[in-house]
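Asks: no FASTA, just this:
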């Protein structure tokens, strides 16, 4: 689970901002919305974060920080000249020449880790991973660049035992514009503490869901593999008053032209096993989903099948979002969702959040929204410490702050009306 992220000089975040999932002392919905870790501090972490802000205020950029880290941890450039792909703040003449900064504090089961990354467009300046046995961090590795080469230090006394051969192998593989974790994968060694963190950040941070994400393709793939997921979706759709009574996803094999086979087999994103299959069979797998609708008509109860493309945008969005949330809960993962309300009725969105929050899980969701109706649910469904705001100043820099930073919130009769009346900023006409 994630405790905190700090971001500086990335996209619209010129100055350092911090988003924390650490819960306040508020006891509301503590049994299912707060997870108490078994570390020395008994850290209490929230399962939900909701970010409000006017258009172009930087809400999406907050989620893109997580997406960049996920990308960078697997970025394997073939040359040191290909850069790091990071994008700094570009609305002044100073920030572009300064490094971007990320710090992520997270838990793998009950072990707390801290990951630090500083880099510019050309190279990594500092990369460091630490873990905690008590209140003080213990360094596992620290990587800097000296003379255009990676210089990596390990803590063999209090961390993983790293031989000189393994250290040299990782150092040689670690180009100046890639993450340590990519180079580590190229060395055959047992590094349990480092690998636990590497495994978590690569598998428990889910891909950002944006309005452009092909959620239906993702959901089709998942439902073709998981009958329990299908059962869950059908129950949710039934309770949400959809008349969908069955979902069937079949995998269809289709022939590929030679040009497509050549393009796919040359792609780095295709596994070696899949390349061999493509060359031998020259086919690709395409999921085909059918929704069964049951209605009452002149014939009584009757069922009719509809193809995916015949369903409404709301049905498809629900199909995709609920699949992603199910996977997050099952895998104890972190899921960022941008503009979650797209194509969803406000009451349906409330239902989606209710179903997610009522399940005890170590999953987390960070979402952006313009649906201020959710603010009326603060204290009934949503905790006050789950609400955040973004606002841009006149220089184009994004600030990030939380609802509980404001005094007197507990005395407000309507948080939604206070937001609409610009009590918290983050609305039209509030540029500082």
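Replies: The structure has been received and is ready for your questions. These numbers were taken from a predicted model, which means no experiment stands behind them. Residues are numbered from 1 along each chain as shown.
Asks: show me where the stretch 301-432 of the chain has helices.
Replies: Using DSSP state H, counting those that start in this stretch, the helices of the stretch 301-432 of the chain run over 313-331, 346-357, 415-420.
Asks: highest mean neighbour count out of the ones you listed?
Replies: helix 313-331 (a mean of 20; mean count of other C-beta atoms under 10 Å). Every residue, glycine included, has its C-beta placed from N, CA and C.
Asks: ok, residue 239 - how many residues close by?
Replies: Neighbourhood size, residue 239 [other C-beta atoms under 10 Å]: 10.
Asks: before we move on, back to that, turn the helices of the stretch 301-432 of the chain into JSON lines, columns for mean pLDDT.
Replies: What follows is the helices of the stretch 301-432 of the chain, written out as JSON lines (pLDDT from 0 to 100):
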{"stretch": "helix 313-331", "mean pLDDT": "97"}
{"stretch": "helix 346-357", "mean pLDDT": "96"}
{"stretch": "helix 415-420", "mean pLDDT": "89"}
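Asks: so which of the ones you listed is nearest residue 182?
Replies: helix 313-331 (22.3 Å; C-beta to C-beta).
Asks: packing partners of the closest one?
Replies: With contacts defined as 3 or more C-beta pairs under 8 Å, 6 or more residues apart in numbering; DSSP states H and E, the packing partners of helix 313-331 are helix 215-223, helix 227-239, strand 334-337, helix 346-357, strand 364-368.
Asks: any idea of the angle that helix forms with strand 364-368?
Replies: Interaxial angle, helix 313-331 versus strand 364-368 (axes from the mean of the first three to the mean of the last three C-alpha atoms, to 10 degrees): 150 degrees.
Asks: partners of residue 400 in the sheet?
Replies: Beta-bridge pairing for residue 400 (DSSP bridges): residue 390.
Asks: who's in contact with it?
Replies: 13, 17, 18, 19, 51, 58, 62, 388, 389, 390 (C-beta atoms under 8 Å, 6 or more residues apart in numbering).
Asks: just the residues you listed: which are in helices?
Replies: Using DSSP state H, the members of the contacts of residue 400 that fall in helices are residue 62.
Asks: pLDDT score assigned to residue 430?
Replies: For residue 430, the model assigns a pLDDT of 59.
Asks: follow-up on the earlier one: in JSON lines, list the helices and strands packed on helix 313-331 along with distance to residue 154.
Replies: Compiled in JSON lines, these are given as follows (distance: least, C-beta to C-beta, whole Å):
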{"stretch": "helix 215-223", "distance to residue 154": "38"}
{"stretch": "helix 227-239", "distance to residue 154": "41"}
{"stretch": "strand 334-337", "distance to residue 154": "27"}
{"stretch": "helix 346-357", "distance to residue 154": "40"}
{"stretch": "strand 364-368", "distance to residue 154": "30"}
